[in-house]
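Chemist: got a sequence here, can you model it:
(one chain, ligands or ions: 1)
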Amino acid sequence: MWIVPEAKIADLITAEASFAAVEAVFAAMARGDAYNFPVIREAIGHGDALYGFKSGFDRAGLNLGLKSGGYWPGNANKGLTNHQSTVFLFDADTGQCRAVVGGNLLTALRTAAASSVSIKHLARQDARVLGMIGAGHQSAFQMRAAAQQRNFDKVIGWNYHPEMLSRLADTAGELGLPFEAVDLDRLGAEADVIISITSSFDPILKASQVTPGTHIACMGTDTKGKQEVEAELVAKASVFTDEVAQSVSIGECQHAVAAGLIAEGAINELGAVINGTHPGRGSQDEITLFDGTGVGLQDLAVAAAVVDLAIARGIAVEVDF
Ligand code: NAD
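Modeler: Numbers count the residues shown, from 1 in each chain. Just a heads-up that it's a prediction; the model follows:
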């Protein structure tokens, strides 16, 4: 069995490799070659933590396994990342544990890759202004991955905790882009692509604030009860997701579906657009919305890529298990 420690991962996998792994697995899901098992995610009643398992099997890539982990909101005060996770990969032919891989950086990379894949396939080609809602740990990864997809000339941002906005300004600076903190009216009016990546349980962005032609990637809602945008905005948009079952149960679409504003059948898999079986954006004026719920297969795909790289470079630790 191989172990790839968290600290070794940054030097092994790039944002580009994560993008390729996630795009391929979304395509495999839409072809029916890969499927996720039901998610377990619970408030454990300790440390305000949410904990659970995401798992699945990719028959094409022979990736079988799970990510165990969750969200501990008090970790930042301890100098730790709020998300803590570990990926376990199993041999699809024997069931033996093949690898244990640190999952923290991989979670950020695969989540950023998902919204980036949605921008590649759904945003207008002439998108110039990127709007960020959220300024936590994941937001920097999201902004960097988004910047790979379109020729943005400006980033604007809003956060519930304004003191955190310096992260967005610093990341935009790294990318050579100007940054401006704005209110939500301006964010909706000016942004061509909007990424929301918060822990919110109440809608932040309203349907009336978003202009035609915008692409929105809702990335924060991954648990029952969470919500980042008004259900009316979901109803107004052409909606895509990583996995429909998660979208309606733990994703952003849970609220619009529960309110009867959209039918489950109106939610499309992003993988279908990648495979060319769904046309994607229908017009320059359409609002497209990607509900990125975060599927176990994304974790397995990037972890498997890391294990291969770590073995090839002699970094993976082999143990008798
Ligand atoms: P973080 O703790 O570093 O940052 C939290 C963010 O949410 C900050 O911008 C904060 O200001 C904002 N926030 C907190 N309380 C809020 C409230 N009541 N209303 C509005 N905003 C609020 O977290 P992070 O690591 O950046 O992750 C952000 C979110 O993304 C988390 O909710 C996490 O569960 C989710 N996430 C989703 C996926 C996925 O695949 N979809 C993957 C990883 C993380």
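
Chemist: quick one, strands of the stretch 51-200 of the chain?
Modeler: Using DSSP state E, counting those that start in this stretch, the strands of the stretch 51-200 of the chain run over 63-71, 83-90, 97-102, 129-133, 154-158, 179-181, 193-196.

Chemist: can I get those strands in TSV including mean pLDDT, distance to the ligand and mean neighbour count?
Modeler: Placement of C-beta: from N, CA and C, glycine included. Formatted as TSV, those follow (pLDDT from 0 to 100; distance: least, CB to the nearest ligand atom, whole Å; neighbours: other CB atoms under 10 Å):
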stretch	mean pLDDT	distance to the ligand	mean neighbour count
strand 63-71	95	5	22
strand 83-90	96	5	22
strand 97-102	98	15	22
strand 129-133	99	8	26
strand 154-158	98	9	23
strand 179-181	98	13	18
strand 193-196	99	9	27
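
Chemist: residue contacts, the closest residue in space to Arg186 that isn't next to it in sequence?
Modeler: Sequence neighbours aside, Ile156 is the residue nearest to Arg186 in space, at 6.9 Å (criterion: CB to CB, 6 or more residues apart in numbering). Neighbour list for Ile156: 129-132, 179-182, 186-187, 190-191 [criterion: CB atoms under 8 Å, 6 or more residues apart in numbering].

Chemist: Ile156 and Leu130: what is the separation?
Modeler: In this view, Ile156 and Leu130 are 7 Å apart by CB to CB, to the nearest Å.

Chemist: which residues do those two both contact?
Modeler: Here Ile156 and Leu130 have Ala191 as joint contacts, going by CB under 8 Å, 6+ apart.

Chemist: could I get the buried residue list for the lowest-mean-pLDDT helix or strand in the chain?
Modeler: Least confident helix or strand of the chain, by mean pLDDT, DSSP states H and E, is strand 40-43 with a mean of 88. Across strand 40-43, burial judged by 16 or more other CB atoms under 10 Å covers Arg41.

Chemist: and that strand, which strands flank it?
Modeler: Strand pairing for strand 40-43, determined by DSSP bridges: strand 50-58 (antiparallel).

Chemist: and the angle for the partner strand with strand 83-90?
Modeler: 30 degrees (axes from the mean of the first three to the mean of the last three CA atoms, to 10 degrees).

Chemist: tabulate the CA atom coordinates of strand 50-58 in PDB.
Modeler: Extracted as PDB, the C-alpha positions of strand 50-58 are listed here (Å, rounded to 0.1, in the frame of the first residue of the first chain):
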ATOM      1  CA  LEU A  50     -19.600  18.500   9.600                       C
ATOM      2  CA  TYR A  51     -18.100  15.100   8.800                       C
ATOM      3  CA  GLY A  52     -18.800  12.400   6.200                       C
ATOM      4  CA  PHE A  53     -17.800  10.200   3.300                       C
ATOM      5  CA  LYS A  54     -17.800  10.700  -0.400                       C
ATOM      6  CA  SER A  55     -17.200   7.600  -2.500                       C
ATOM      7  CA  GLY A  56     -17.600   6.000  -5.900                       C
ATOM      8  CA  PHE A  57     -16.300   3.900  -8.700                       C
ATOM      9  CA  ASP A  58     -14.900   4.900 -12.100                       C
END
